[in-house]
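**Student:** Quick check, what structure comes out for this input:
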Amino acid sequence: MPRSRSSVSTAPPSASTTAPHPPSTNAPSSAPLLPAPTFPPHTLPRTWLITSALTPIGQSVARHALRHGDNVVGCVPNYLPSVDIPGVEELLGGWEKFEEDIERGGLEGKGEGRGSGAGIEGIEHGERNAGGEEMVGEGEEDAEGEEDDGGEENCEDVESEAEKTKGAAAGQRNGVGKGKVMKPWKERWKKVGLDGRSVGQCQAAVAEAQASFGGGGADILFCCDGEALFGTVEELAASVRTQSLVREQFETNFYGPVNCIRAVLPSMRKKGSGHIVLLSSIINHLGTPGLATTCASGWALDGFCDSLAYEVAPFNIKISIVQPSMEVNLLTHKITAVPPSEHYSPDLNSIPTSREMIGGLLDRIEGSGSRRDPRKLTGEHTECLYPRLPAEMVESLIAETVHAVLAIGGHDNPPARHIVGFEGVATVKEKLKTVSEELEEFVAVSCAVDIDQEGQAVNGQDESLDEDT
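**Tutor:** Numbering: from 1, shown residues only. Down below sits the predicted model:
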C-alpha cells in the first residue's frame, strides 16, 4: 500500500474565507543559505525525465542532477514562445545560458542567471582529476561490474590511486561511483520536444529516455510544467475566448501531466520501480480568489495522483506531490489574465484577488504602479506574460523547492505530500484548523443522518458515538 497520507494531504475542501497570504515583495540581495543538496542513497546513475526544462525550476533540478552524476532527459516545447510576449526574451536568455552550461560540462562551477540553481548555497562539486573532469564516489559496487542496459556506463574506472582516493571522498558526499570519473554533462543530457497535450509525444519522450540511457527508462518523472489563469468565475465566462482559456488551462495543467504519467507507467511497472514527483502548490489546499480555474486543475491532478498511488504501490512505484507557496509557481510560469469586471473591482469587493496581489508585485519589481493601483494584469484585453524577475530573485524564490525535489526524488520511502517552506506549512495548518472547527460545529448534523439496523435515526450525541469518536 502507498505511504499513509498525513492530515495535510487528506483535508477536505472547506468554505474557509481565509485569504491567502500575499507574496513577499522584497527582492533578496542574495540567495538564501541552505544546506548542500542531498540525494537519496543509490549505486547507479538515475535517469530523470523533466517535463519542462524551459522553466527555472526544471533547469535548476537538471543542473544539480547532472552535477550529481545522473542522466537527464529535458523536455522543451516544440515551438518556443513568441518574443512578442512580455518576458519571453528573459526566458529564452536563461535557456541559452543553460545550453551553454551543458556544452561546457558545468565544470566552471555554479551557473549564473535565470534558473541556474545557484540559489542553493554550499553545494559541493565533485573532485576533479588532472584533466579537469568531475569525480564522484560510489556506494556499493555493481554486481560483477555489469554495464547498464544502454551498453555504456556513465563512469569510467580511474587508474590513479590518488584519483581513487579523491573519488572516494566525493562519494561520501553524494553516494555515486567511488573512484570513477563522470562523463561530461552533454553526454548525460538529452533534449526532446514535448507538448504534454499529445499522448504520442509523451510516449516518444519516455522512449527517448530508454533509448538514450537504457536501464529500463526513466527512474524519476518530474512534472513541473503549468500555467496560471487570472480571472474570477464570472470574468472567465464573459466570452467564447475566455471560456476557451478555461479548457486550455485544464489541457495544460491536468491532461498534460496525466499524459506524461500514463506514458511512463508501463516502463516503471516492468522494471518494478519508479518515482513520480509532481510540482503542485499550496493553493490546491486553499482555494484562491481570482485563480479558480488554476486551483481546480491543480486539485484535479492531486486527486488523480492520490488515487493512482494506491493502484501502482504493488509495483513499487512511488508518487510525491511537492507543494511550494503560491508565488513559486505563479512567478516562474506563464501567466494569462482576462479583462477584469467592474463588479469585482477593489472599490466594490473587499476581498483581494490574486490578480491584484501578483499584478501589484510585478509593478513594483519593474518600478511602476502600486499595490493599490496595479497596472499589470488589469488591461482591457486578455494579457499574457512571463514574469520579469531579477535572476537573484528567481534563484531565491525556487531554492527551497529545488532542494526539496532533489532530496525526495528517487527516495525509497518518499512523502506522499511535501509542503515547502514555513509560510506554506503555517497556511495549510490554518486551513486545516478551520476545517476541523467547522466539522466539530456541525458534527451532530452530520451524524444525525445515520440509520441503525432497525430503521431508527441514530442520535449524533449518544454514548455509542462518543465511544467511537
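**Student:** OK, contacts around the closest residue to Ser325 other than its chain neighbours?
**Tutor:** Using C-beta to C-beta, 6 or more residues apart in numbering and skipping the chain neighbours, the partner closest in space to Ser325 is Gly424 (4.7 Å). Using the backbone N, CA and C atoms, a C-beta is placed for each residue, glycine as well. Gly424 makes contacts with Ile282, Gln323, Pro324, Ser325, as judged by C-beta atoms under 8 Å, 6 or more residues apart in numbering.
**Student:** Quick test: name the residue nearest the centre of this protein.
**Tutor:** The chain has Leu279 as the residue nearest its centroid, 2.3 Å off, counting by C-alpha atoms, centre = their mean.
**Student:** hang on, that one packs against Asn329?
**Tutor:** Yes: counting by C-beta atoms under 8 Å, Leu279 touches Asn329, with 7.3 Å between them.
**Student:** Return every residue with contacts to both of these two.
**Tutor:** Gly226.
**Student:** got the CA positions of stretch 241-259 in PDB?
**Tutor:** Taking Å, rounded to 0.1, in the frame of the first residue of the first chain, the C-alpha atoms of stretch 241-259 are listed here in PDB:
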ATOM      1  CA  ARG A 241     -12.500  33.400 -25.900                       C
ATOM      2  CA  THR A 242     -12.300  33.400 -22.000                       C
ATOM      3  CA  GLN A 243     -14.300  30.100 -21.900                       C
ATOM      4  CA  SER A 244     -11.700  28.500 -24.200                       C
ATOM      5  CA  LEU A 245      -9.000  29.600 -21.900                       C
ATOM      6  CA  VAL A 246     -10.600  27.600 -19.100                       C
ATOM      7  CA  ARG A 247     -10.400  24.500 -21.300                       C
ATOM      8  CA  GLU A 248      -6.800  25.200 -22.300                       C
ATOM      9  CA  GLN A 249      -5.900  25.600 -18.600                       C
ATOM     10  CA  PHE A 250      -7.100  22.000 -18.000                       C
ATOM     11  CA  GLU A 251      -5.400  20.700 -21.100                       C
ATOM     12  CA  THR A 252      -2.100  22.100 -19.900                       C
ATOM     13  CA  ASN A 253      -2.300  21.700 -16.100                       C
ATOM     14  CA  PHE A 254      -4.200  18.500 -15.800                       C
ATOM     15  CA  TYR A 255      -4.100  16.500 -19.000                       C
ATOM     16  CA  GLY A 256      -0.500  17.300 -19.800                       C
ATOM     17  CA  PRO A 257       0.900  15.800 -16.600                       C
ATOM     18  CA  VAL A 258      -1.700  12.900 -16.800                       C
ATOM     19  CA  ASN A 259      -0.500  12.000 -20.300                       C
END
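**Student:** who touches whichever strand or helix holds Tyr310?
**Tutor:** Using DSSP states H and E, Tyr310 falls within helix 292-312. Outside helix 292-312, the residues that touch it by C-beta under 8 Å, 6+ apart are 1-3, 5, 9, 13, 227-229, 231-233, 236, 245-246, 249-250, 252-254, 257-258, 261, 265, 268-269, 276, 278, 280-281, 283-284, 286-288, 318-319, 321, 416.
**Student:** Only whichever of those residues are buried, select them in ChimeraX.
**Tutor:** To isolate the buried members of those in ChimeraX, using 16 or more other C-beta atoms under 10 Å:
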select :2,3,9,227,228,229,231,232,236,245,246,249,250,252,253,254,257,258,261,265,268,276,278,280,281,283,284,286,287,288,318,319,321,416
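**Student:** Which of the contacts of helix 292-312 fall within helices?
**Tutor:** Among the contacts of helix 292-312, the ones falling in helices (DSSP state H) are 9, 233, 236, 245-246, 249-250, 257-258, 261, 265, 268-269, 283-284, 286.
**Student:** which of these sit farthest apart?
**Tutor:** Val233 and Arg269 (39.4 Å; C-beta to C-beta).
**Student:** Could you report the pLDDT at Ala209?
**Tutor:** We have a pLDDT of 94 for Ala209.
**Student:** Which residues does the helix or strand harbouring it contact?
**Tutor:** Taking DSSP H and E as the criterion, Ala209 maps to helix 199-213. With contact meaning C-beta under 8 Å, 6+ apart, helix 199-213 is reached by 45, 47, 49, 71, 73, 75, 78, 148-150, 188, 190, 192-196, 216-218, 259-260, 262-264, 267.
**Student:** Now that helix - C-alpha only, CSV.
**Tutor:** C-alpha atoms of helix 199-213 as CSV (Å, rounded to 0.1, in the frame of the first residue of the first chain):
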residue,chain,number,x,y,z
VAL,A,199,-0.2,11.4,-25.9
GLY,A,200,2.1,10.3,-28.8
GLN,A,201,4.7,12.9,-27.9
CYS,A,202,4.7,11.9,-24.2
GLN,A,203,5.2,8.3,-25.2
ALA,A,204,8.1,9.4,-27.5
ALA,A,205,9.8,11.3,-24.7
VAL,A,206,9.6,8.2,-22.5
ALA,A,207,11.0,6.0,-25.3
GLU,A,208,13.8,8.5,-25.8
ALA,A,209,14.8,8.2,-22.2
GLN,A,210,15.2,4.5,-22.5
ALA,A,211,16.9,4.6,-25.9
SER,A,212,19.4,7.2,-24.7
PHE,A,213,20.4,5.9,-21.3
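**Student:** Tell me which helix or strand comes right after that helix.
**Tutor:** Per DSSP H and E, helix 199-213 leads on to strand 220-223 as the next helix or strand towards the C-terminus.
**Student:** Which strands and helices lie in contact with that next one?
**Tutor:** Packed against strand 220-223, as judged by 3 or more C-beta pairs under 8 Å, 6 or more residues apart in numbering; DSSP states H and E, are the following elements: strand 47-50, helix 256-271, strand 274-279.
**Student:** Does the first one pack against any helices or strands, and if so which?
**Tutor:** With contacts defined as 3+ C-beta pairs under 8 Å, 6+ apart, strand 47-50 has these neighbours: helix 56-68, strand 71-76, helix 199-213, strand 220-223.
**Student:** Please compute how far the third one lies from its chain's middle.
**Tutor:** Counting by C-alpha atoms, centre = their mean, to the nearest Å, helix 199-213 is centred 20 Å from the centre of its parent chain.
**Student:** quick one: buried residues of that helix?
**Tutor:** Gln201, Cys202, Gln203, Ala204, Ala205, Val206, Glu208, Ala209, Gln210, Ser212, Phe213.
**Student:** Report the inter-axis angle for it versus helix 256-271.
**Tutor:** Helix 199-213 and helix 256-271 are oriented at 40 degrees to each other (axes from the mean of the first three to the mean of the last three C-alpha atoms, to 10 degrees).
**Student:** again with the first one
**Tutor:** Computed by the same axes, to 10 degrees, the angle separating helix 56-68 from helix 256-271 equals 30 degrees.
**Student:** how much does helix 56-68 deviate in direction from strand 71-76?
**Tutor:** Using the same axes, to 10 degrees, helix 56-68 lies at 160 degrees relative to strand 71-76.
**Student:** One more: the third one?
**Tutor:** Taking the same axes, to 10 degrees, helix 199-213 and strand 71-76 form an angle of 150 degrees between their directions.
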